[in-house]
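>>> Provided below for reference: sequence and predicted model.
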Amino acid sequence: MSETMSPEMTGLVIGAVFGVANAAILRWMAGRAESLSPGEDGRRRAGILRFAALADLVVFPVLGYLLGPIVLA
């Protein structure tokens, strides 16, 4: 019996992989921004980057789920 993932689930997994990778890069950039500019401005930039990293963890899998059937069909 051969079971394959549906296009929606394949897109979700691919989106999740990209989301996690992008979130990791953005978190790294936030740490760098905070250490290179230790004032209020650096903390603000780091906060924005950390928020974007969290948003990527939601947005990329959702987009993958929605676009998976279009691309893989």
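Sure thing, it's come through.

>>> Quick check: buried residues in the top helix by length along the chain?
Once the chain is assigned using DSSP state H, the helix that runs over the most residues is helix 40-72. By 16 or more other C-beta atoms under 10 Å, the buried positions in helix 40-72 come out as 42, 45-46, 49-50, 52-53, 56, 60-61, 63-65, 68. Where you see a C-beta, it was placed from the backbone N, CA and C, and this is true even at glycine.

>>> Who are the packing partners of that helix?
helix 7-36 (3 or more C-beta pairs under 8 Å, 6 or more residues apart in numbering; DSSP states H and E).

>>> any idea how far the helix it packs on is from the chain center?
Computed by C-alpha atoms, centre = their mean, to the nearest Å, the separation of helix 7-36 from the middle of its chain amounts to 4 Å.

>>> Give the buried residues for that helix.
By neighbour count on 16+ other C-beta under 10 Å, the buried set for helix 7-36 is 7, 10-12, 14-16, 18-19, 22-23, 26-27, 29-30, 33-34.

>>> Need the mean per-residue confidence for that helix.
Helix 7-36 shows an average pLDDT of 94 in the prediction.

>>> for it, packing partners?
In terms of contacts (3+ C-beta pairs under 8 Å, 6+ apart), helix 7-36 is packed against helix 40-72.

>>> ok and the helix it packs on relative to helix 7-36, angle-wise?
In terms of direction (axes from the mean of the first three to the mean of the last three C-alpha atoms, to 10 degrees), helix 40-72 departs from helix 7-36 by 160 degrees.

>>> So the residue nearest to the spatial centre of the chain versus P61, what's the distance?
The residue lying closest to the centre of the chain (C-alpha atoms, centre = their mean) is G19, at 2.3 Å. To P61, G19 is 6 Å away according to C-beta to C-beta, to the nearest Å.
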